[in-house]
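Trainee: What follows is a protein structure lacking sequence information:
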């Protein structure tokens, strides 16, 4: 990293700087996808600056424009800012760096993004029904090992025979063990496809399948499998693996090692339950007692009420009558009565 500090008026990003930084990232052994992401985010800020010099105020304004555009999630914006800050540090422009947005950690995973084990099996059935042999075994591999799509290039016939896959990714080396049944199935698949050595899941040209193709093929299964397409993408199989592995082992550190995470805090994100499950856990706590006649008299709730803005008095509220409700009073036996925000007509 460069040590010199550059005056603000000289902080101009040039194409030569970007190319030099790209070479630096390559020498740092960053993955191709990571380098492309860094350079893409730097070029976005270049386009925003339109040839003008970069200073702290300018980067702050860019940060604000990303948020106000409504095009990105806060997590995506923070990722862009981190990439930009690293580039600024490399150039020695420390005074131009900006803070990322503080985001409270989510306590649960959105229901419309969570792929259940049952839905995963529905996708497998649909792949089998459509005769998508390669896709079928690929989905099984991702879900039963926690591998990333980008790591499938390490899954060779030789590795399958050994029953373990050695993965070199993000500057780390880890070994993935294959379930014995998966090992048998992959060897049979390779034999039927005439693949005697090298990458198991390959294209016609012999290269490893890429994420975009896998993503598209997975989406094509959704309609027949009756699974929400929003839940179906390769990385969600990695989430599913983490959930199932942890339920069996209950060892966060071990899971982090299997997933290839440097920090268990990253692994924790894979173990978030859905909003529905989170709410069910709150219900099990049994901290809120059912409302009964202790607070009610003839359908009126006298201890509560809505304050009249004009008089300052509290107007009693009443539980509305339901179609199947004979008295309209909320009790433990009649929990479906609705609470009105206004007194029932004729009531005082």
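Mentor: All right, it came through fine. Predicted, not measured: the structure shown is a model, and the values here were computed from it. Numbers count the residues shown, from 1 in each chain.
Trainee: thought residue 208 was touching residue 156?
Mentor: No. With contact defined as CB atoms under 8 Å, residue 208 does not reach residue 156; the gap is 9.9 Å. From N, CA and C alone the C-beta is placed, and that goes for glycine too.
Trainee: who touches both of these two?
Mentor: Here residue 208 and residue 156 have residue 199 as joint contacts, going by CB atoms under 8 Å, 6 or more residues apart in numbering.
Trainee: Averaged pLDDT, stretch 222-238. What do you get?
Mentor: Average pLDDT, stretch 222-238: 93.
Trainee: Can you name the residues in contact with that stretch?
Mentor: Residues contacting stretch 222-238 (CB under 8 Å, 6+ apart): 112-115, 119-120, 122-123, 125-126, 129-130, 139, 142-143, 146-149, 211, 214-215, 218-219, 221, 259, 270.
Trainee: Could you pick out the buried ones from those residues?
Mentor: Among the contacts of stretch 222-238, those scoring as buried are 114-115, 119-120, 122-123, 126, 139, 142-143, 146-149, 214, 218, 221, 259, 270 (criterion: 16 or more other CB atoms under 10 Å).
Trainee: Inside helices: which ones of those residues?
Mentor: Using DSSP state H, the members of the buried ones among the contacts of stretch 222-238 that fall in helices are 119-120, 122-123, 126, 139, 142-143, 214, 218, 221, 259.
Trainee: I'd like those residues as CSV, with distance to residue 280 appended.
Mentor: What follows is these, written out as CSV (distance: CB to CB, whole Å):
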residue, distance to residue 280
119, 18
120, 21
122, 23
123, 25
126, 29
139, 28
142, 28
143, 24
214, 33
218, 29
221, 29
259, 26
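Trainee: Centre of the chain to stretch 187-196, how far?
Mentor: Distance, stretch centre to chain centre, for stretch 187-196: 34 Å (CA atoms, centre = their mean, to the nearest Å).
Trainee: neighbouring contacts of it?
Mentor: With CB under 8 Å, 6+ apart, stretch 187-196 has contacts from 133-134, 137, 157, 160-161, 200, 202.
Trainee: picking that back up, so which of the ones in helices among the buried ones among the contacts of stretch 222-238 is the closest to residue 89?
Mentor: Closest approach between those and residue 89, by CB to CB: residue 259, at 28.2 Å.
Trainee: wait, doesn't the closest one sit right on residue 269?
Mentor: No. Residue 259 sits out of contact with residue 269 when judged by CB under 8 Å, with a separation of 10.5 Å.
Trainee: Let me see the contact set for the residue nearest to residue 203 when sequence neighbours are not counted.
Mentor: Using CB to CB, 6 or more residues apart in numbering and skipping residues adjacent in sequence, the residue nearest residue 203 is residue 209, 6.1 Å away. Residues near residue 209 by CB under 8 Å, 6+ apart: 134, 138, 149, 152, 201-203.
Trainee: are any of the residues you listed buried, and which?
Mentor: Buried by 16+ other CB under 10 Å: 134, 138, 149, 152, 201-202, out of these.
Trainee: ok, residue 140 touching residue 181?
Mentor: No. Residue 140 lies out of contact with residue 181 (CB under 8 Å); the separation is 9.2 Å.
Trainee: Who has more neighbours out of those two?
Mentor: Neighbour count, other CB atoms under 10 Å: between residue 140 and residue 181, residue 140 has more, with 20 against 10.
Trainee: residue contacts, that one?
Mentor: 124, 182, 185.
Trainee: 7 Å instead, please
Mentor: Contacts for residue 140 (CB atoms under 7 Å, 6 or more residues apart in numbering) come out as 124, 182.
Trainee: How about residue 164?
Mentor: Residue 164 touches 175-178, counting by CB under 7 Å, 6+ apart.
Trainee: For residue 42, state which of those is nearest.
Mentor: Out of the contacts of residue 164, the member with the shortest distance to residue 42 (by CB to CB) is residue 176, at 33.4 Å.
Trainee: did I read that right, the closest one in a strand?
Mentor: Yes. Under DSSP: H, G, I helix; E, B strand; the rest coil, residue 176 sits within a strand.
Trainee: Bridge partners for it, pull those for me.
Mentor: Here residue 176 sits in beta bridges with residue 165, going by DSSP bridges.
Trainee: Kindly tell me how buried it is, as a neighbour count.
Mentor: Quick note: residue 176 (other CB under 10 Å) scores 20 neighbours.
Trainee: where in the stretch 1-150 of the chain is pLDDT low?
Mentor: Along the stretch 1-150 of the chain, segments meeting pLDDT under 70 span 1-10, 51, 104-109, 111.
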